[in-house]
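J.: Any chance you can model this:
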Amino acid sequence: MPTIPTTPAESGPEPLDRLPGRQPAAAELAHTAARTAGDLLAPPAPVRLDDVVPAPERVLPDPTADFTLSADAAIRVSPAGRDVAEQLAEWLRPATGFPLPVADALVADGRLVLTLSAAATATANPGDAAAGVADGLGDEGYRLDVTGSGVRITAATPAGLFHGAQTLRQLLPAAVDSTTPVTERWAVPGGSIVDRPRFPYRGAMLDVARHFFPVEDVLRVVDHLARYKLNHLHLHLTDDQGWRIAVDSWPRLAEVGGTTEVGGGPGGFYTQADYRRIVAYAARRHVTVVPEIDLPGHTNAALVAYPELAPGKVPPPPYTGTEVGFSYVDPADERTYTFVADVVGEVAALTPGPWLHLGGDEAFKVPADTYRAFVERAQTLVAATGKTVVGWHQLAPAGHVDGRVLQWWGTNGDDPETAEAVRRGARLILSPGNRVYLDMKYAADTPIGHDWAGLIDVRRAYDWDPGTHLTGVPAEAVLGVEAPLWTESVTTLAEVEFMLFPRLPAVAELGWSPRSTHDWAGFRERLAAHGPRWTAAGITFHPSPDVPWPTPAAAVPTQPTGDTTADTH
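T.: Purely as a prediction, here's the structure:
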């Protein structure tokens, strides 16, 4: 059976009859011959090589080289990639029922091979059509080769290997996402993929302050991000309605401030052990957690817990509504800066990632000069922890600190103040409210969500370019994209998933795929094939009429009872 030419380092598993000192037994030869005959007579793989979401940089199909995963398959891996191999096996075992043992790369009986190479490149033999595509795969890129004899994923880092394994998962039939065994021909389409991301920061935000979500729900959201090669989870941990992270030096923040949420529910908070669990779970899936401590506004829950932080030192009543802009810590009191230093210091110590988000939006009652002075001092306190400051774009007028990142959530692409901050050295994460705010309704009759930034169907979430969206901001200043999900009206995991899917994969493609692959007609067809995958995995999603789904979609969640009248963050 013809295959795409590869270098010796990228060829499939070594045939048994070529291994030194070993001759295949007659039974092995008969088994191999039967399998080969079956493959030759089998229909093509049900998934095409270019059906992947987000779209890969380069796809080179070879319809003569499909590979069929069989019960005797094993995964071979170099030692540094073993954890990725174990995760791949964990994904595939439930539906296939195959044991899929993970073994050292030197073992000869594997048909799924994961290889880490410090000099991993996309080049190959002169006869290989992929030669010269790029000089290297970078920190997150990978190469995937499928031949009739096996699958090989090559990357320079475990993150790249993980992204390649996610692509392989998508190339198997949709039933692979079933949690119980399925009778299926587990075929993978033949050919090669060379892939790497457009932007280094690709993420989503989950607001756990307006409504609290337990650890298990957050872990499932991490899995959703990782499935589509998103690599950052921004947790909005504090707001007027609740404080969700334990701080040892200020224990009442969580013990008192964590007991409320929108609508009057019981709230909740993460212990430091809970937070470490989320961070570790995400890190295993190559997702970096970005914690947000929103300051100086959105602080009513903190002021309930510690009235000495409030202007006038009068404790406010707990707040369970959805209005914004009325609360702030006292910027004239030195105790406030002790509070900020203690909180960001503890959160930074719990967070191995490089980012710490300061919020900074909608402090409407703080005079502009006072606000700017507060932000500049708070930025310095974050920098002292060794973390890089991230903040909503309202931080733009404040003085610059090295590495500062502004998260832009506007709805008008002409923002001279943010463009000026970029000229002073800031980088941007783009989260335009009228494109990727996933708490916006899909349509007027969507039962949950808001519409202050407009209605956001899948096409609107997909059809824009982060590299050119903001006037006066060059593409090289854009660190990436993030899709926030605010939860004033979102109360359960099913509702979280309903708002994420199918728009989250659209945002993922904007962050990962080269602009040259952007094509709504092609994307909607590729996205449609993921409906059965989500159904098999038990993921709730919105059956958007924009997308030609092949099967009935998940049910729409019921309307929550909380107040859904908020018109901004």
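
J.: which non-adjacent residue is nearest W392?
T.: Counting by Cβ to Cβ, 6 or more residues apart in numbering, D361 is the residue found nearest to W392 once chain neighbours are left out, at 4.0 Å. For every residue, glycine as well, the C-beta is placed using N, CA and C.

J.: do R58 as well
T.: V194 (4.3 Å).

J.: And for V176?
T.: Nearest to V176 is A95, by Cβ to Cβ, 6+ apart, at 4.8 Å.

J.: how about the one you found, what does it touch?
T.: Contacts here follow Cβ atoms under 8 Å, 6 or more residues apart in numbering; on that basis A95 touches A175, V176, D177, S178, T179, T180, P181, V182, E184, A536.

J.: show me where pLDDT drops low in the stretch 451-569 of the chain?
T.: Per-residue confidence for the stretch 451-569 of the chain (pLDDT under 70) gives these ranges: 551-569.

J.: picking that back up, hang on, the residue nearest to W392 in a strand?
T.: No - looking at D361 with DSSP: H, G, I helix; E, B strand; the rest coil, it is coil, so not inside a strand.

J.: Any stretches of the protein with poor pLDDT?
T.: 1-41, 107-110, 118-135, 551-569.

J.: The stretch 401-550 of the chain: helices as residue ranges?
T.: Taking DSSP state H, counting those that start in this stretch as the criterion, the stretch 401-550 of the chain carries its helices at 416-423, 433-436, 458-462, 493-500, 503-512, 520-528, 531-537.

J.: Pull out the buried positions in the fifth one.
T.: So that's helix 503-512. R503, L504, P505, A506, V507, A508, E509, L510, G511, W512 (16 or more other Cβ atoms under 10 Å).

J.: What of the second one?
T.: Of all the residues in helix 433-436, those buried under the rule 16+ other Cβ under 10 Å are G433, N434, R435, V436.

J.: and if you look at stretch 402-417?
T.: Buried residues in stretch 402-417 (16+ other Cβ under 10 Å): R404, V405, L406, Q407, W408, W409, G410, G413, D415.

J.: Please list all residues in contact with the last one.
T.: Meaning D415. Residues near D415 by Cβ under 8 Å, 6+ apart: H393, W408, L470, T471.

J.: Looking at neighbours, which among the residues you listed is most surrounded?
T.: When neighbours are taken as other Cβ atoms under 10 Å, the top entry among these is W408 (25 neighbours).

J.: I'd say that one and S431 touch.
T.: Yes - counting by Cβ atoms under 8 Å, W408 does reach S431; the two are 6.5 Å apart.

J.: if I look at the residue nearest to V176, how far off is P181?
T.: Per Cβ to Cβ, to the nearest Å, A95 is found 7 Å from P181.

J.: F374 too?
T.: To P181, F374 is 58 Å away according to Cβ to Cβ.

J.: So between these two, which is more surrounded?
T.: Counted by other Cβ under 10 Å, F374 and P181 do not tie: F374 has more neighbours, with 24 against 13.

J.: Following element in sequence after the helix or strand containing the more buried one, please.
T.: Assigned by DSSP states H and E, F374 belongs to helix 368-384. On the C-terminal side of helix 368-384, the nearest following helix or strand under DSSP H and E is strand 388-392.

J.: between the contacts of D415, which is nearest A85?
T.: Closest approach between the contacts of D415 and A85, by Cβ to Cβ: W408, at 38.7 Å.

J.: Contact partners for the closest one?
T.: With Cβ under 8 Å, 6+ apart, W408 has these contacts: H393, D415, T418, L428, I429, L430, S431, P432, L470.

J.: which one of those is nearest A444?
T.: Closest to A444 out of the contacts of W408 is P432 (20.5 Å), distances taken as Cβ to Cβ.

J.: So the closest one versus Y442, what's the distance?
T.: The spacing between P432 and Y442, counted by Cβ to Cβ, is 17 Å.

J.: The two - which one has more neighbours?
T.: The neighbour comparison of P432 against Y442 (other Cβ under 10 Å) goes to Y442, with 24 against 21.

J.: Quick check: the more buried one vs S544, distance?
T.: Distance from Y442 to S544, by Cβ to Cβ: 6 Å.

J.: go on, G263?
T.: The gap separating G263 from S544 is 27 Å, by Cβ to Cβ.
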